[in-house]
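Chemist: just need the structure, nothing else, for what follows:
(one chain, ligands or ions: 2)
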Amino acid sequence: MTKSPGAILDSAQRSPRRGESQDGTSTPKGFFVTGTDTGVGKTVVAAALTRALVAGGRRVVVMKPVASGAEQTAEGLRSADALALIAAANVSAPYEWVNPYCFLPAISPHIAAHESGVVIDPALIRARFDALAGHADVVVVEGAGGWLAPVTESAAMADLALTLELPVILVVGLRLGCLNHALLTHESILARGADFAGWVANGIDPAMERLPENLATLVHRLGQPLARIPPLAPGARPPELGDVAAWLGRD
Ligand SMILES: Nc1ncnc2c1ncn2[C@@H]1O[C@H](COP(=O)(O)OP(=O)(O)O)[C@@H](O)[C@H]1O
Ligand SMILES: [Mg+2]
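Modeler: Ligands and ions are numbered 1, 2, ... in the order given. The predicted model follows:
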């Protein structure tokens with residue numbers, strides 16, 4: 001069942017911590033942003049959510065656990081997604097905590113990892129997440145690819161979300177075919193026992209036909225979206241969402 005838009009805000013506000021560890025430090029709550037596919041707006045939404053949470057007065061740190069399609073820089077491999085998220089956050093952290101696995105080719109991470117002799121370790125990702133969480137109220141995490149995108153021979157992005165114990169926000173890129181992708185993803189999120197925090201309707205295709213009918217179909221099955229992002233003009237900045245309540249409360 002979709003939470004009401006305010007519920008996400010409230011949960012971040014009232015109980016930013018999931019629990020107290022034995023030494024008294026606490027683990028902040030966060031969100032795992034997944035999508036119906038690659039290129040559907042996960043980074044746009046995760047950055048907007050980060051900015052909104054920052055504007056709402058929270059200390060926010062970000063994480064892109066696994067990235068491919070990175071660029072070689074003087075500092076090493078850098079993911080544009082990770083850098084975009086970092087730019088939106090107000091808590092800084094070592095790049096290697098934010099993006100522990102970063103690969104050059106724009107291919108599935110599990111293939112990129114295999115080719116470079118790296119084994120992606122969910123336990124290491126959890127350890128980095130905990131380190132990040134120790135410095136912030138909220139950790140906004142962006143997956144790579146879609147919900148079942150493989151990250152190892154056996155594990156998928158979904159397993160990382162479960163390892164991090166985070167509620168999941170599903171970004172639906174509104175284009176032909178998104179109904180099937182959205183419903184499959186939603187079904188799998190529930191089947192795997194993850195906490196479905198809600199979905200975002202992202203207008204990635206300004207020419208999409210029957211947009212209202214498609215939206216109505218999704219609302220009927222997934223509930224009201226947390227937000228609806230209109231098609232952005234080419235080169236336009238993503239939405240500035242300074243007011244979490246206003247954004248998450250849109251219908
Ligand atoms: N609402 C939108 N309107 C127009 N373009 C968008 C919209 N949302 C995302 N995009 C563009 O689509 C591309 C993919 O978005 P991105 O957030 O990087 O997707 P993902 O993180 O899922 O791969 C980017 O170029 C982004 O600027
Ligand atoms: Mg992205």
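Chemist: residues of the chain that sit close to ligand 1?
Modeler: Residues of the chain lying close to ligand 1 by Cβ under 6 Å from any ligand atom are 35, 38-44, 81, 202-204, 229, 231-232. The C-beta positions use only the backbone N, C-alpha and C, and glycine is treated the same way.
Chemist: now with 8 Å, please.
Modeler: 35, 37-47, 81, 84, 142, 145, 171, 173, 202-204, 206, 229-234, 236, 238 (Cβ under 8 Å from any ligand atom).
Chemist: end to end, how far does stretch 34-42 reach?
Modeler: 6 Å (Cα to Cα, to the nearest Å).
Chemist: repeat for stretch 115-128
Modeler: Across stretch 115-128, first to last residue, Cα to Cα, it's 23 Å.
Chemist: buried ones in it?
Modeler: 120, 122, 125, 128 (16 or more other Cβ atoms under 10 Å).
Chemist: now, which of the residues of the chain next to ligand 1 lie within helices?
Modeler: 42-47, 81, 84 (DSSP state H).
Chemist: most neighbours of all those, which one?
Modeler: A46 (29 neighbours; other Cβ atoms under 10 Å).
Chemist: contact partners for that one?
Modeler: Going by Cβ atoms under 8 Å, 6 or more residues apart in numbering, A46 touches 33, 62, 85, 88, 140-142.
Chemist: ok, now A106?
Modeler: Each residue near A106 by Cβ under 8 Å, 6+ apart is listed here: 68-69.
Chemist: what about L49, distance to T38?
Modeler: 18 Å (Cβ to Cβ, to the nearest Å).
Chemist: export the ones in helices among the residues of the chain next to ligand 1 to a markdown table and tack on distance to ligand 2?
Modeler: Formatted as a markdown table, those follow (distance: Cβ to the ion, whole Å):
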| residue | distance to ligand 2 |
| --- | --- |
| K42 | 4 |
| T43 | 3 |
| V44 | 8 |
| V45 | 9 |
| A46 | 7 |
| A47 | 9 |
| D81 | 4 |
| A84 | 8 |
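Chemist: quick one: the strands in the stretch 51-200 of the chain, in order.
Modeler: Here the stretch 51-200 of the chain has its strands, by DSSP state E, counting those that start in this stretch, at 60-63, 66-67, 71-73, 76-78, 101-102, 138-142, 168-173, 196-202.
Chemist: now those as a markdown table including mean neighbour count?
Modeler: Below are these laid out as a markdown table (neighbours: other Cβ atoms under 10 Å):
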| stretch | mean neighbour count |
| --- | --- |
| strand 60-63 | 28 |
| strand 66-67 | 26 |
| strand 71-73 | 10 |
| strand 76-78 | 15 |
| strand 101-102 | 26 |
| strand 138-142 | 27 |
| strand 168-173 | 27 |
| strand 196-202 | 24 |
